[in-house]
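# give me a model of this one.
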Amino acid sequence: MAILAPRSNRQKAYIQLHLAVFLFGFTAILGKLITLEQTALVWNRLWIAILGLVFIPGVVKGILQIKRKNVILFSGIGVLVALHWLSFYGSIKAGNSASVTLACLATASLFTSILEPLITKSKFQWVELFLGLLVMVGIYFLSGVGDAYFWAIIIGLVSAFFAALFSTLNKKYITGQSTLSVSTIELAAGFIFISVCYPLLQWVFPQPQWFPTGADWLWLILLGLVCTSLAFALSLNALKEISAFISNLSINLEPVYGIILAIWLLNEDADLNIDFYIGTGIILFSVVLHPILMRMQNRHTKA
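Okay, here's the model as predicted:
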């Protein structure tokens, strides 16, 4: 039984990760439905998510047991999370398209293939770089969807970089830590960061209102509690058993889930051309191809 335990833990981690990815797939849809601009949207998302975590038994106690230097470290990562979400929703608002932003997010695999060996000192994987470049080919086709999406694509790529960076750093430092407690620290740091930088953010991205009204409350509660608190904790816990690259490559399924939802719920297919579907198809192909190429590489190494 002891021999089977590691594989069992890895399988559990994959299930947790894909459940988190499925929940992440809703975030772009909710971001488009919520009428708040990106800064106010992320700020409200964070405090709702934090409330959803601090009342879980053991979370606050777990925070107090984390060393001060690690609290500072995870707080820094939390700022990166906030920057990722600000650019993510900024991309959605810039192009008024959840689908384009979600497809751009898939380039996180390319950034991770470069960042992970540098940060975690792991072996450089040429297969991962190849797949990351394949994703970039998908983005090339995606760029043909029209000039109206130019800034949405640029901001979406910035968001993907931040996603790759904070995922890789979490992979390096999450081992041995309480997942829920670390999630709370990171989200709280992101909330404080936006609050402190409010004057600058308000000047760069003017917010007509900061608090939700009407249906926005429902969407934000769903976004904060289910698609943030739960999903973020599941993804962090999965990182204890799998690599940051596999995590980000699996998260490339988020565009697939999100795009299907966007077409079904928001009728976004009316605004997208054939280049978009070719690009998205290439991105999905890279996700399917990853385990096949890694298995071939491992067999060649053993031989």
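# do you know how far the spatially closest residue to Tyr173 that is not a sequence neighbour is from Asn170?
Nearest residue to Tyr173, sequence neighbours excluded (CB to CB, 6 or more residues apart in numbering): Leu73, at 6.1 Å. To be clear about C-beta, it is placed using only N, CA and C from the backbone, and glycine gets the same treatment. From Leu73 over to Asn170 the distance is 10 Å, taken as CB to CB, to the nearest Å.
# higher neighbour count, the two?
Using other CB atoms under 10 Å, the more surrounded residue of Leu73 and Asn170 is Asn170, with 25 against 17.
# okay but that one is in contact with Leu236, surely?
Yes. Counting by CB atoms under 8 Å, Asn170 sits close enough to Leu236 to count as a contact (6.1 Å).
# grab the nearest non-local neighbour of Phe232.
Ser183 (5.1 Å).
# can you tell me what sits against the helix or strand harbouring that neighbour?
According to DSSP states H and E, Ser183 maps onto helix 179-196. Applying CB atoms under 8 Å, 6 or more residues apart in numbering, the contact partners of helix 179-196 are 39, 42-43, 46-47, 49-50, 53-54, 56, 58-60, 62-63, 65-66, 71, 74-79, 81-82, 85-86, 170, 174, 201, 228-229, 232-233, 236-237, 240.
# if we go to 6 Å?
With contacts defined as CB atoms under 6 Å, 6 or more residues apart in numbering, helix 179-196 is touched by 43, 46-47, 49-50, 53, 56, 59, 62-63, 74-75, 77-79, 81-82, 232-233, 236-237.
# quick one: name whatever helix or strand follows the least confident helix or strand in the chain by mean pLDDT.
Taking mean pLDDT, DSSP states H and E as the measure, the chain has helix 244-251 as its least confident helix or strand, at a mean of 64. Per DSSP H and E, helix 244-251 leads on to helix 253-266 as the next helix or strand towards the C-terminus.
# which strands or helices does that following helix pack on?
When contacts are defined as 3 or more CB pairs under 6 Å, 6 or more residues apart in numbering; DSSP states H and E, helix 253-266 sits against helix 5-33, helix 98-105.
# and the helices in the stretch 101-250 of the chain?
108-120, 126-142, 150-173, 179-196, 198-204, 216-221, 231-238, 244-251 (DSSP state H, counting those that start in this stretch).
# check which residues of the fourth one are buried.
Right, helix 179-196. Going by neighbour count (16 or more other CB atoms under 10 Å), the buried part of helix 179-196 is 179-191, 193-194.
# so, low pLDDT: which residues of the protein?
For the chain, the stretches flagged by pLDDT under 70 are 1-7, 143-146, 205, 207-208, 244-252, 268-272, 287-288, 290-291, 294-295, 298-303.
# so how do I select the buried members of the contacts of helix 179-196 in ChimeraX?
Restricted to buried positions by 16+ other CB under 10 Å, the ChimeraX selection for those reads:
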select :43,46,47,49,50,53,59,62,63,74,75,77,78,79,81,82,232,233,236,237
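# so Phe111 touches Ala164, yeah?
Yes. If you go by CB atoms under 6 Å, Phe111 and Ala164 touch, sitting 3.5 Å apart.
# pick out whichever of the two has more residues nearby.
Neighbour count, other CB under 10 Å: between Phe111 and Ala164, Ala164 has more, with 29 against 21.
# quick one: that one and Ala40, what's the gap?
With CB to CB as the criterion, Ala164 and Ala40 are 26 Å apart.
# for Gln202, same thing?
Going from Gln202 to Ala40 by CB to CB gives 10 Å.
# how about His18?
Separation of His18 from Ala40 (CB to CB): 31 Å.
# which one of those two has more residues nearby?
Higher neighbour count among His18 and Ala40: Ala40, with 23 against 17, using other CB under 10 Å.
# assign that one to helix, strand or coil.
Put simply, Ala40 is helix when judged by DSSP: H, G, I helix; E, B strand; the rest coil.
# ok, it touching Phe211?
No. Counting by CB under 6 Å, Ala40 stays clear of Phe211, with 7.7 Å between them.
# ok, for Leu19, nearest residue in space, not its chain neighbours?
Nearest residue to Leu19, sequence neighbours excluded (CB to CB, 6+ apart): Leu234, at 5.8 Å.
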